[in-house]
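Engineer: can't give you the sequence, but here's the structure:
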């Protein structure tokens, strides 16, 4: 990757992290038949059963930003625009969704990943940073969370571990983090090797959350272990060194919680060879992606994606040289 | 259609009308980590803008019943099971969703179709008959509805016009019904010609709602007219003689409200030549279906389907000999 492309990438990912509000919706706000008391979107949480376990998808919102060259690092932006158009989406903007989970299993309330948080990364417009609101709408209290399981150390997954004032958001929870991820991002040698703005930011943010915020009160977990009842950690490196997926199972029912094996499905499920700028080791991320998606197809396993559009649960079918996400039918009844 | 098949069909459609609760969810209820205070599904309403107009999809729930021979009248049930399996759905049951709309346009609150109602057709288990609950969750009051627009006279569209006690559910609303539908179902000659249990039930139910309940206080509307600001009625006969679709438009933005041009998309969008037992004139319904879906593809127009899974809005792409529904991304922000 040459320097110009890398710089473009930094710009694109910085935009992706910023909580921009879509221009279209802002404009519409001023001119419609709306009244503020009624015309809010529905609370974006969704429940489903996995055997005896209840999963609640708790949206942290969705982020819309201008699509730029370099958002997909190994294909021209024209191809990305075409993929968006083919999916009946605007060709000039990207919208990325964020979907933490709350899982009731074995008498515990477990949160998997936490969203952008209510601090600096949360928009005053409310486009992202919605986890707390939707968590409350779903009837949950952060004080009742006994365990938080983190898939990897990017800000949209860990920032919600802290309140805006820097205190722990889940005061009674044990915080479980991937052992490999912990070793990498807490290594001063690795941090010293970071040579891009993006990697420096990821390191700095991880230190902010885990050192300053949580005073390193975490519990590392290994791969291929049952980290909480029914939830097994699965090695899925590439997006980050310690990036982890999970299989949640109860009886014969299961769902693959992919975390960030792909980002947006219309781009990266359809084109598994495309590399998102968010992937730290793109080749390893692609290898992981192809392995996971072949497994999802052959086992016809349900999959939950952190960046799939809410509610983010479906199945994967082969489609041409890539795959396609088939969302589950929304059930108005649990 | 021979008599045996017709009888089977009556059985299947009777089952479809009955508010059965899925066995799986009932079984799960007794044994999970649930508490009744928290573990309810999210309220199933969803808002989106069409130009300056706000559409709120208000789910009436979803109905699950055993799949039987004759549910699709012109293909063996094995083919239907395969279509369901291909869509990663159970092969032995059908689930049909119901999605009335609330539209704020021109300073009015307009409801399009009303769901199964809270009376005899609503399940005490709450699987269907959820319109009132979700309408309230969306911040609406039935007393504020100025107009109800009915697409056709099947029970899942008109029963919600009445409360359980038989009084009007929208006491201050003008009730707009398709002129062709009104003439057909209120004709004593046509009713005398009804020679199946199903058709006798449809006639009887229409009389119950419009004669006994509403004392014929309705306003007929013609096709190709703007029935309320931004909402144009579109001729779409076959499902019933007066079955009506709509185009809702504001500025350059529009959505095609198909009503029942297809029932379940995994079956009838994928296989436009399949005939649902609900279609009164299957050949005319298929002709309408193919005309509408070719238009949706060529114009890339957004489509809202009453029986599409909630929230029931997407676009149509060609796929093999049929079509495929591509759901819109859920936006957590309006």
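Structural biologist: Arrived safely, thanks for sending. No experiment lies behind these values; they were computed from the predicted model shown.

Engineer: Phi and psi next, for the closest residue to chain B within the stretch 151-300 of chain A.
Structural biologist: Nearest residue of the stretch 151-300 of chain A to chain B: residue A:300, at 6.7 Å (CB to the nearest CB). Just so you know, the C-beta spots here come from the backbone N, C-alpha and C atoms, and that holds for glycine as well. Residue A:300 has phi and psi values of phi 50, psi 40 when expressed as degrees, to the nearest 10.

Engineer: From residue A:327, how far off is it?
Structural biologist: According to CB to CB, to the nearest Å, residue A:300 and residue A:327 sit 15 Å apart.

Engineer: what's the answer for residue A:44, then?
Structural biologist: Residue A:44 is 14 Å from residue A:327, by CB to CB.

Engineer: what do you get for residue A:43?
Structural biologist: Counting by CB to CB - residue A:43 and residue A:327 are separated by 19 Å.

Engineer: distance between stretch A:139-151 and the chain's centre?
Structural biologist: 16 Å (CA atoms, centre = their mean, to the nearest Å).

Engineer: State the mean pLDDT of it.
Structural biologist: Taken as a whole, stretch A:139-151 has an average pLDDT of 98.

Engineer: again with stretch A:280-296
Structural biologist: The pLDDT scores in stretch A:280-296 average 98.

Engineer: Return the residues in contact with residue A:58.
Structural biologist: A:44, A:45, A:99, A:100, A:101, A:102, A:131, A:134, A:135, A:138, A:140 (CB atoms under 8 Å, 6 or more residues apart in numbering or on different chains).

Engineer: one step back: neighbour count winner among residue A:300 and residue A:327?
Structural biologist: residue A:327 (20 against 11; other CB atoms under 10 Å in any protein chain shown).

Engineer: Can you give me the neighbour number for the closest residue to the more buried one other than its chain neighbours?
Structural biologist: Using CB to CB, 6 or more residues apart in numbering or on different chains and skipping the chain neighbours, the partner closest in space to residue A:327 is residue A:314 (4.3 Å). When counting by other CB under 10 Å, one arrives at 22 neighbours for residue A:314.

Engineer: go on, residue A:298?
Structural biologist: Neighbour tally, residue A:298, other CB under 10 Å: 9.

Engineer: what about it, which helix or strand?
Structural biologist: If you go by DSSP states H and E, residue A:298 is part of helix A:282-299.

Engineer: If you count neighbours, what's buried in that helix?
Structural biologist: A:282, A:284, A:285, A:286, A:288, A:289, A:292, A:293, A:296 (16 or more other CB atoms under 10 Å in any protein chain shown).

Engineer: Please apply the same query to stretch A:231-243.
Structural biologist: Those would be A:231, A:232, A:233, A:234, A:236, A:237, A:238, A:239, A:240, A:241, A:242, A:243, for stretch A:231-243 by 16+ other CB under 10 Å.

Engineer: do stretch A:178-198 as well
Structural biologist: A:178, A:179, A:180, A:181, A:182, A:184, A:185, A:186, A:191, A:198.

Engineer: Which of those residues fall within strands?
Structural biologist: residue A:178 (DSSP state E).

Engineer: got the phi/psi numbers for the residue in the stretch 101-250 of chain A positioned nearest to chain B?
Structural biologist: Residue nearest to chain B within the stretch 101-250 of chain A: residue A:139 (3.8 Å; CB to the nearest CB). With angles defined as degrees, to the nearest 10, residue A:139 sits at phi 90, psi 10.

Engineer: number of nearby residues for it?
Structural biologist: Neighbours of residue A:139 (other CB under 10 Å): 14.

Engineer: just to revisit the earlier point, mind checking which of the buried residues of stretch A:178-198 are in helices?
Structural biologist: Among the buried residues of stretch A:178-198, DSSP state H puts A:179, A:180, A:181, A:182, A:184, A:185, A:191, A:198 in helices.

Engineer: Residue ranges in the stretch 51-200 of chain A under the pLDDT threshold?
Structural biologist: The stretch 51-200 of chain A contains residues with pLDDT under 70 at A:119-126.

Engineer: which residues of it fall in strands?
Structural biologist: Here the stretch 51-200 of chain A has its strands, by DSSP state E, counting those that start in this stretch, at A:53-58, A:61-66, A:93-98, A:101-105, A:108-112, A:147-149, A:174-178.

Engineer: Residue A:174 and residue A:148 touch, don't they?
Structural biologist: Yes: using CB atoms under 8 Å, residue A:174 makes contact with residue A:148 at a distance of 7.5 Å.
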